[in-house]
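Novice: here are the coordinates; sequence isn't available:
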Ligand SMILES: C[S@@+](CC[C@H](N)C(=O)[O-])C[C@H]1O[C@@H](n2cnc3c(N)ncnc32)[C@H](O)[C@@H]1O
């Protein structure tokens with residue numbers, strides 16, 4: 001069974017009081033989201049894949065949750081996370097922006113941006129993580145923040161809406177369909193990963209012209225692979241993939257891919273994103289912060305036509 005997207009009654013509605021001209025649009029947006037939330041469960045494919053859902057349930061596992069706890073994070077990966085956080089803070093903190101956090105986890109980044117942003121939307125597939133985020137943001141009194149529970153590739157979003165969308169801390173490397181046979185995640189799959197493409201496509205189109213999408217990803221290097229494997233062991237997980245595999249999977253259903261520039265670009269090409277729109281910002285030797293810009297001019301030309 002696949003879950004339906006759902007919001008919780010305790011979630012505060014988007015605040016419209018400070019910005020009356022936005023009222024109609026926000027109501028429209030809420031309507032779209034409500035429609036998505038009511039959508040019937042996606043059907044199960046006939047083969048051994050399952051629909052994109054939370055059936056993997058990896059973030060319900062205590063050991064996988066430890067990957068979010070700095071005490072259990074490999075130093076190179078923690079360093080990447082800290083540099084990533086510094087960059088986004090320097091560029092966006094204190095600004096009134098519409099931000100989408102894809103795979104928001106326990107709401108960590110929302111805490112930094114929730115008070116100043118025009119709105120901060122978290123998208124999270126794990127019920128447990130979504131509940132944690134909801135509580136965390138409510139405790140902070142953020143009335144412009146909201147969590148949408150379900151697969152980020154399945155939520156209906158308005159076009160040209162967000163200033164920034166991000167999927168931080170290697171989250172986009174977790175997106176995949178569930179295969180029982182790990183051999184199905186071959187290079188052809190990783191170079192055109194349907195789950196990744198669906199999610200990136202969804203949020204790319206939801207960016208306003210000139211908007212930015214950020215993805216923190218692992219570089220495909222032996223030292224990254226060593227850090228990944230060590231990291232998952234530090235959290236108490238059991239790695240089940242052989243050395244050399246471009247993704248590292250664990251018995252606990254965790255799965256995290258490493259990227260080459262080419263594999264990132266081939267996935268992005270499926271979303272209509274061209275190499276000149278993509279910047280690979282080095283975080284450290286094991287990771288990039290990939291920055292994708294939605295063109296301004298192309299969009300205005302399209303709109304004028
Ligand atoms: C590596 S954690 C990162 C959490 C957070 N972004 C951070 O930086 O601390 C990845 C999160 O993405 C969520 N996730 C994975 N696939 C998803 C999907 N298809 N839609 C929404 N959330 C997803 C997981 O449940 C998990 O909470």
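Specialist: Received the coordinates, thanks. Keep in mind that what you see is a predicted model, and the values were worked out from it rather than measured.
Novice: If you count neighbours, what's buried in whichever strand or helix holds residue 264?
Specialist: Secondary-structure element containing residue 264, defined by DSSP states H and E: helix 261-269. Buried residues in helix 261-269, counting neighbours by 16 or more other Cβ atoms under 10 Å, are found at 263, 264, 265, 267, 268. (Each C-beta comes from the backbone N, C-alpha and C, glycine too.)
Novice: Make a markdown table from those residues and add distance to residue 106 and pLDDT to it.
Specialist: Putting these into a markdown table (distance: Cβ to Cβ, whole Å; pLDDT from 0 to 100) gives the following:
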| residue | distance to residue 106 | pLDDT |
| --- | --- | --- |
| 263 | 28 | 98 |
| 264 | 26 | 98 |
| 265 | 31 | 98 |
| 267 | 27 | 98 |
| 268 | 28 | 98 |
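Novice: Leaving out chain neighbours, which residue sits closest to the spatially most central residue of the chain?
Specialist: In the chain, the C-alpha nearest the mean C-alpha coordinate belongs to residue 102, at 2.9 Å (Cα atoms, centre = their mean). When the adjacent residues along the chain are set aside, residue 102 lies closest to residue 167, with 4.0 Å between them (Cβ to Cβ, 6 or more residues apart in numbering).
Novice: Residue 124 is in contact with residue 174, correct?
Specialist: No. Proximity of residue 174 to residue 124 does not meet the contact threshold set by Cβ atoms under 8 Å, at 11.9 Å.
Novice: List the residues that are in contact with both of the two.
Specialist: Taking Cβ atoms under 8 Å, 6 or more residues apart in numbering as the contact rule, the neighbours common to residue 174 and residue 124 are residue 103.
Novice: So for those two, which sits in the more crowded spot?
Specialist: Neighbours were counted for residue 174 and for residue 124 using other Cβ atoms under 10 Å; residue 124 has more, 28 against 22.
Novice: Tell me the spacing between the more buried one and the ligand.
Specialist: Computed as Cβ to the nearest ligand atom, to the nearest Å, the residue 124 to the ligand distance reads 5 Å.
Novice: Tell me what that residue is bridged to.
Specialist: For residue 124, the beta-bridge partners under DSSP bridges are residue 149.
Novice: go on, residue 213?
Specialist: Under the criterion used here (DSSP bridges), residue 213 is bridged to residue 165, residue 292.
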